[in-house]
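Asker: Return atomic coordinates for the entry below.
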Amino acid sequence: MKKLIFASLLLFVGVVQAADMEYNDDVDGKEAWAMVQKEGAILVDVRDPVEFLYAGHAVGAVNVPVFFVRIDLPPLSTREKVAEVERKKGKAVHVKKTYRPMMDENRKFVEEVKKLAKGNLDKPLVIMCRSGERSVYAANKLARNGFENVYNLEGGYVFDWKSEGLPGGGE
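Answerer: Numbers count the residues shown, from 1 in each chain. Modelled structure (predicted):
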């Protein structure tokens, strides 16, 4: 009986996750690169422009951020305290809560991707971010807005494109 309940729960979770996925499918880096070369797919990098510029990017990817990262710089006294803690520990500490990064949605995201695709909602799109999470959000948003051939680079730029040594991944 426990096995039946567990199997039913797994099936339910799988159905719920599939229902949340509105884009076509997840692809790995090699599949994405083949789509670009053979089908003329557009690589859309949805990371913040700072990430795109300084962390590297796939060759031929167009940066259309789905979110812009805004950081509220803490007071200098707080930053000094963090530095002191790090010196005492002898290592860097997680400062994300101290710096309070905020994600502001790009209100022109869908409009810009439509321009990029020249209004062709059937144009294959491969959506990528750093690790494959923001790109899921972006891919679903595009699918909900009428794009028919939207694919998510599952592991993102770092864990898929770069790790597979694809063009631009060796920067």
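Asker: My guess is N106 contacts N63. True?
Answerer: No: judged on C-beta atoms under 8 Å, N106 makes no contact with N63 at a distance of 10.8 Å. Heads up, the C-betas are built off the backbone N, CA and C, glycines and all.
Asker: tell me which strands and helices the one helix or strand R79 maps to is in contact with?
Answerer: Per DSSP states H and E: R79 is located in helix 76-89. Under the contact criterion of 3 or more C-beta pairs under 8 Å, 6 or more residues apart in numbering; DSSP states H and E, helix 76-89 touches helix 96-99.
Asker: tell me the average confidence for the helix it packs on?
Answerer: Mean pLDDT, helix 96-99: 79.
Asker: Next one, pLDDT for G169 please.
Answerer: You'll see G169 listed with a pLDDT of 67.
Asker: Can you list the buried residues in stretch 124-139?
Answerer: In terms of neighbour count (16 or more other C-beta atoms under 10 Å), stretch 124-139 has its buried residues at 124-132, 134-139.
Asker: Over to stretch 79-89?
Answerer: Using 16+ other C-beta under 10 Å as the test for burial, stretch 79-89 gives V82.
Asker: So which residue is dead centre in the protein?
Answerer: C129 (2.7 Å; C-alpha atoms, centre = their mean).
Asker: Would you mind measuring from T78 to P167?
Answerer: 42 Å (C-beta to C-beta, to the nearest Å).
Asker: wait, D45
Answerer: From D45 over to P167 the distance is 13 Å, taken as C-beta to C-beta.
Asker: Find the residues that touch each one of those two.
Answerer: A58 (C-beta atoms under 8 Å, 6 or more residues apart in numbering).
Asker: just for the protein, where's the confidence low?
Answerer: 1-20, 169-171 (pLDDT under 70).
Asker: Next, please give the residue ranges for the helices of it.
Answerer: Using DSSP state H, the helices assigned to the chain run over residues 2-20, 29-39, 49-54, 76-89, 96-99, 109-116, 134-144, 156.
Asker: closest to V69 out of the ones you listed?
Answerer: Checking the helices of the chain against V69 by C-beta to C-beta gives helix 49-54 as the closest, at 7.0 Å.
Asker: Could you name the helices and strands sitting against the closest one?
Answerer: With contacts taken as 3+ C-beta pairs under 8 Å, 6+ apart, helix 49-54 sits against strand 67-71.
Asker: contacting residues around the nearest residue to L153 once chain neighbours are set aside?
Answerer: Sequence neighbours aside, M128 is the residue nearest to L153 in space, at 4.0 Å (criterion: C-beta to C-beta, 6 or more residues apart in numbering). Contacts for M128 (C-beta under 8 Å, 6+ apart) come out as 32, 43-47, 58, 61, 135, 152-153, 156-157, 160-161.
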